[in-house]
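*Asks:* Sequence and predicted structure, then a few things I'm wondering about:
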Amino acid sequence: MVPLMEKLTCDLLDPLKKLKKKNVSFSLPADVGAATVLAQSVTLGMIAGWPTVSVPLLLAGHGPVSTTPDQVSWLTTLHFLGNLLSPVPAGFLMDHWGRRTTLTVASILPVVAWPVVALCDTTTQLVVAWFVVGMWSGVVYTVVPVYLGEIAKPQQRGLLGTLFSAARRLGAATEFVLGQVLTYRQLALISALPAILSALLLLRAPESPYYLLRRRRDRQAAGEALKQLRPMHESHDLERELDDIERFVNERTKGGYRSLIATGTGRRALFVMEALAVLQRLSDTGAVMGYIAASLPPRPLPFLEKQHAVMGLEAAKLFTGLISTLVIDLFTRKSLMLTASLACTAAMFWSGTWYLLVPTGTYNLHSTNYDLRTGTAWMPYGCLALHQAGYSLGLSPVFWSLRSELFPMAVKAQSSAITTTTLALVACVVNRMFFIIAQEFGIYLNYYIFCISCLLNALVTVFFVVETGGKTLSQIQDDLDEAPSKDNDASADTRTQIPAV
């Protein structure tokens, strides 16, 4: 137990020691590739925020078509189905066409779908268009993490991954704000603008130098792409980085799904990534926000309405997402993930306890009969704010960074497709089971499940995740190769020593 506490303390205090040794500066990578990814991320956020604003309008008959709750259910279901169907084909295409080319071709989907959403004449047209949007989302979630990891400098991979998450939250917040002042059709047409912008930027974005070296064996084209990505670097620095990329590509050329589990390194990376994917979705509060009309007390404070409190939660989520861009490369990945997991564990535990102890006890979709006389109605809001802060600062950005860092070049496409599919499947289950569990057992059980998931996320971080911050992709693979031998050495030295991570 003592060595474990020493290890945890070391993980948490290591960033502070680094601050004393060197000055840390931040620079935003101002290149077309990054701008393209951010525009796509904003589009993803607007897609995520659109149902919250537009579905009530459709149900009330204020949209181009009138819909029933059953039709809305199909709208959501087919959107998730699109998310599930596109990752594997996207993984295949990104390996054969290239990362940028796959994103460019796929960008046609939202550009066409959004006007259909705005101007549809029938519910079928709306459902099909939203299914197409879901397919595009699956492509982006599969390809973009790989593309980001391959175009960014080692010191800025975390920053770019965090900006991707922050831009997604910005898109969702923008959709929510615009939805208060625009009509249904105006909102859908405005939502198409970031998709159009990203499609135009993709025409100028460079291809991944990793792909150019591995698939085309074209060192000159890879060098040109790298020069476009690093315009301020000296030629000898670019040559050194190009040599490192070529060495990384040549060392690991065998690809395919079987290669993911053919070696101990691949199995370790796949286990870590899929475990984090499942726990990330089980630790999320997406279902809570989806059922927010019924899951939170009607008034957290006597002078504060629920809708204003929810707007405050969204603003806090966006703010912490922006803050995470400053700390992702300042602190180690593991210390951020560990601290965030523990904070989220505490938040979900106390939130579940509140719902367990309030007089109503059992969740009721149509009841707002919470005992406000206790003066604790603010507690689930406060716990949710703490959870979203931890999720935005650590759980989400580190997860997205690791997606682009853990796997060798030959299996990046396959691993990303599997992870995207896992995320979509677990999201479907969580969103469906949240309501069922709340009705059958009480909403508190959902929060306790989230609590356990956050705690398991912390344990996976301590015992299995390798540190990737500031390292080249080749160095990360070397660390994964060495990890099993370190584990064996540690267990041979002492039974109480925790496994090397």
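*Replies:* Received, thanks.
*Asks:* What confidence value was assigned to D14?
*Replies:* Per-residue confidence (pLDDT) for D14: 48.
*Asks:* Also V88?
*Replies:* 89.
*Asks:* element containing the residue lying closest to it once chain neighbours are set aside, please.
*Replies:* Closest residue to V88 apart from its sequence neighbours, by CB to CB, 6 or more residues apart in numbering: A417 at 4.9 Å. No exception for glycine: its C-beta is placed from N, CA and C like everyone else's. A417 is located in helix 412-440, with elements delineated by DSSP states H and E.
*Asks:* tell me what that helix is packed against?
*Replies:* For helix 412-440, the packing partners by 3 or more CB pairs under 8 Å, 6 or more residues apart in numbering; DSSP states H and E come out as helix 69-85, helix 87-96, helix 123-151, helix 257-262, helix 264-283, helix 286-290, helix 443-463.
*Asks:* As a check, name the ranges of all helices in the stretch 301-450 of the chain.
*Replies:* Here the stretch 301-450 of the chain has its helices, by DSSP state H, counting those that start in this stretch, at 306-327, 333-357, 379-390, 396-403, 412-440, 443-463.
*Asks:* For the second one, which residues meet the burial criterion?
*Replies:* Just to be clear, that refers to helix 333-357. Neighbour-count burial for helix 333-357, counted by 16 or more other CB atoms under 10 Å, picks out 333-355.
*Asks:* and what of the last one?
*Replies:* Residues of helix 443-463 classed as buried under the neighbour-count rule (16+ other CB under 10 Å) are 443-458, 460-462.
*Asks:* Likewise for the first one?
*Replies:* Using 16+ other CB under 10 Å as the burial criterion, the residues of helix 306-327 that qualify are 306, 309-310, 313-314, 316-318, 320-321, 324-325, 327.
*Asks:* gap between M273 and S401?
*Replies:* 12 Å (CB to CB, to the nearest Å).
*Asks:* Compare the two and say which is more crowded by neighbours.
*Replies:* Ranked by neighbour count (other CB atoms under 10 Å), M273 and S401 place S401 first, with 29 against 23.
*Asks:* Which residues are in contact with the more buried one?
*Replies:* Neighbouring residues of S401 by CB atoms under 8 Å, 6 or more residues apart in numbering: G149, R157, G158, G161, T162, I328, R333, T468.
*Asks:* ditto for M135
*Replies:* G82, N83, L85, S86, L109.
*Asks:* what about M94, distance to T142?
*Replies:* Distance from M94 to T142, counting by CB to CB: 7 Å.
*Asks:* err, L75, not the other one
*Replies:* 23 Å.
*Asks:* ok, now A48?
*Replies:* 17 Å.
*Asks:* between the two, which one's more packed in?
*Replies:* Ranked by neighbour count (other CB under 10 Å), A48 and T142 place T142 first, with 31 against 16.
*Asks:* Tell me who's in contact with S165.
*Replies:* Per CB under 8 Å, 6+ apart, neighbours of S165: S41, G321, S324, S392, S396, P397, W400.
*Asks:* State the mean pLDDT of whichever strand or helix holds it.
*Replies:* Using DSSP H and E, S165 maps to helix 157-178. Summarised as a single mean, pLDDT over helix 157-178 is 80.
*Asks:* Would you mind identifying the next helix or strand past it?
*Replies:* Sequence order places helix 184-202 as the next helix or strand after helix 157-178, per DSSP H and E.
*Asks:* tell me the angle that next one makes with helix 123-151.
*Replies:* Counting by axes from the mean of the first three to the mean of the last three CA atoms, to 10 degrees, helix 184-202 lies at 30 degrees to helix 123-151.
*Asks:* Just to be sure, Q155 is in a strand?
*Replies:* No. Q155 is assigned helix when assessed by DSSP: H, G, I helix; E, B strand; the rest coil, not a strand.
*Asks:* ok, the closest residue to it other than its chain neighbours - contacts?
*Replies:* Distance criterion CB to CB, 6+ apart; nearest residue to Q155, sequence neighbours excluded, is G470 at 5.6 Å. Applying CB under 8 Å, 6+ apart, we find G470 in contact with P154, Q155, D329.
*Asks:* I'd like the residues you listed as JSON lines, with neighbour count and distance to P115 appended.
*Replies:* Formatted as JSON lines, the contacts of G470 follow (neighbours: other CB atoms under 10 Å; distance: CB to CB, whole Å):
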{"residue": "P154", "neighbour count": "20", "distance to P115": "41"}
{"residue": "Q155", "neighbour count": "13", "distance to P115": "41"}
{"residue": "D329", "neighbour count": "22", "distance to P115": "39"}
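*Asks:* closest to Y210 among those?
*Replies:* P154 (13.1 Å; CB to CB).
*Asks:* Provide a list of residues in contact with that closest one.
*Replies:* P154 neighbours (CB under 8 Å, 6+ apart): G470, K471, T472, L473.
*Asks:* low-scoring stretches of the stretch 401-501 of the chain, by residue?
*Replies:* The model of the stretch 401-501 of the chain has pLDDT under 70 over residues 409, 482-501.
*Asks:* can you rerun that using 50?
*Replies:* 485-501 (pLDDT under 50).
*Asks:* What of the stretch 251-400 of the chain?
*Replies:* Along the stretch 251-400 of the chain, segments meeting pLDDT under 50 span 361-373.
*Asks:* rerun that using 80 as the cut-off
*Replies:* Scanning the stretch 251-400 of the chain for pLDDT under 80 picks out 251-266, 284-318, 320-331, 358-377.
*Asks:* so G470, which of the three states?
*Replies:* Strictly by three-state DSSP, G470 counts as coil.
*Asks:* got the CA positions of stretch 186-202 in CSV?
*Replies:* Taking C-alpha atoms only, stretch 186-202 is exported to CSV below (Å, rounded to 0.1, in the frame of the first residue of the first chain):
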residue,chain,number,x,y,z
GLN,A,186,-32.3,29.3,-40.0
LEU,A,187,-30.5,27.2,-37.3
ALA,A,188,-30.0,24.2,-39.6
LEU,A,189,-28.6,26.4,-42.5
ILE,A,190,-26.3,28.3,-40.1
SER,A,191,-25.1,24.9,-38.8
ALA,A,192,-23.9,24.0,-42.3
LEU,A,193,-21.4,26.8,-42.4
PRO,A,194,-18.6,25.1,-40.4
ALA,A,195,-19.0,22.0,-42.5
ILE,A,196,-18.6,24.0,-45.7
LEU,A,197,-15.5,25.8,-44.2
SER,A,198,-13.9,22.5,-43.3
ALA,A,199,-14.5,21.1,-46.8
LEU,A,200,-12.8,24.2,-48.3
LEU,A,201,-9.9,24.0,-45.9
LEU,A,202,-9.3,20.3,-46.6
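*Asks:* quick one: that stretch to chain centroid distance?
*Replies:* 21 Å (CA atoms, centre = their mean, to the nearest Å).
*Asks:* Ok, stretch 426-437 next?
*Replies:* For stretch 426-437, the distance to the chain centre is 18 Å (CA atoms, centre = their mean).
*Asks:* So for that stretch, what gets flagged as buried?
*Replies:* V426, A427, C428, V430, N431, F434, F435, I437.
*Asks:* Repeat that for stretch 200-218.
*Replies:* Buried residues in stretch 200-218, counted by 16+ other CB under 10 Å: 201-202, 205-215.
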